[in-house]
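In: heads up, no residue letters with this:
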């Protein structure tokens, strides 16, 4: 898919963030580009934290960034099946940090809990990992999952329905990931990122497409066409909002 029509500041911001996450990975997730010619769509692998229901799972998702990032938030859609109070049936994630900072009393969210340009991919995905284990059930995207989660929590784990579904999904996700050659961390030691030697500038340049280029204005047409960018998923995504 062709890259969206973009402004230089968005491209530069994404280039810097992507390069940083390649050189200094963060525990709990890994990222890569869906297409090396498009910095506006990332594939994410989110690992279930140890000692949680999601332990051993590798949940794949897509992040799509708007052309005015970081002034507007990206969207996240899970590709792996996830039964969760804050995930719609089509995989779209509903989380405050990705909502525009408007005053909406009915949502139960304060503007300060929503998106602001100081956020970045690291803070977003760490918030997603935290949300996996601590769902927001006040404005759920999946009402049935929310009811089931509350029943499981209030019974102090005696009602196993919610737990069994999550563990089954985590196991299935792990099997699929291992089939794709992904090593899923199963212990806290494996989960935590160890300090690694940074690649040299030459190695980094060889591994990373040169999006961060002062001459980008001259090459702008390589990343755009005569029509505005249209998200191919817009027509089939869920209409509900949290």
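Out: In hand now; what should we look at? A quick note: this is a predicted structure, and the numbers were derived from the prediction, not measured.

In: only C-alpha atoms from now on, for both contacts and neighbour counts.
Out: Fine.

In: does residue 183 touch residue 177 like I think?
Out: Yes - Residue 183 is within contact range of residue 177, at 7.4 Å (criterion: C-alpha atoms under 8 Å).

In: the two: which is more packed in?
Out: Between residue 183 and residue 177, residue 177 has the larger neighbour count (other C-alpha atoms under 10 Å), namely 18 against 13.

In: which residues does that one contact?
Out: If you count contacts by C-alpha atoms under 8 Å, 6 or more residues apart in numbering, residue 177 has them with 58, 183, 184.

In: mind checking how far the second one is from residue 149?
Out: If I follow you right, that is residue 183. Applying C-alpha to C-alpha, to the nearest Å, the value for residue 183 to residue 149 is 29 Å.

In: before we move on, what about the first one?
Out: Taking C-alpha to C-alpha as the criterion, residue 58 is separated from residue 149 by 21 Å.

In: give me the more crowded residue out of those two.
Out: residue 58 (30 against 24).

In: for the more buried one, grab phi and psi.
Out: phi -130, psi 100 (degrees, to the nearest 10).

In: one more: residue 178?
Out: Dihedral angles (degrees, to the nearest 10) for residue 178: phi -70, psi -30.

In: wait, it touches residue 184, no?
Out: Yes - contact criterion C-alpha under 8 Å: residue 178 and residue 184 qualify, at 7.2 Å.

In: so between these two, which is more surrounded?
Out: Between residue 178 and residue 184, counting by other C-alpha under 10 Å, residue 184 is the more crowded of the two (22 against 12).

In: how near is that one to residue 42?
Out: According to C-alpha to C-alpha, residue 184 and residue 42 sit 19 Å apart.

In: please apply the same query to residue 126.
Out: 16 Å.

In: mind checking which of those two has more residues around it?
Out: Between residue 126 and residue 42, counting by other C-alpha under 10 Å, residue 42 is the more crowded of the two (20 against 15).

In: that one bridge partners, please.
Out: residue 33, residue 63 (DSSP bridges).

In: where are the low-confidence patches of this structure?
Out: Along the chain, segments meeting pLDDT under 70 span 1-6, 102-112, 194-242.

In: could you pull out the helices in it for me?
Out: Using DSSP state H, the helices of the chain run over 8-23, 121-133, 143-154, 161-179, 188-191, 201-207.

In: what sits against residue 54?
Out: Shown in contact with residue 54 (C-alpha under 8 Å, 6+ apart): 47, 48, 132, 133, 166, 167, 170.
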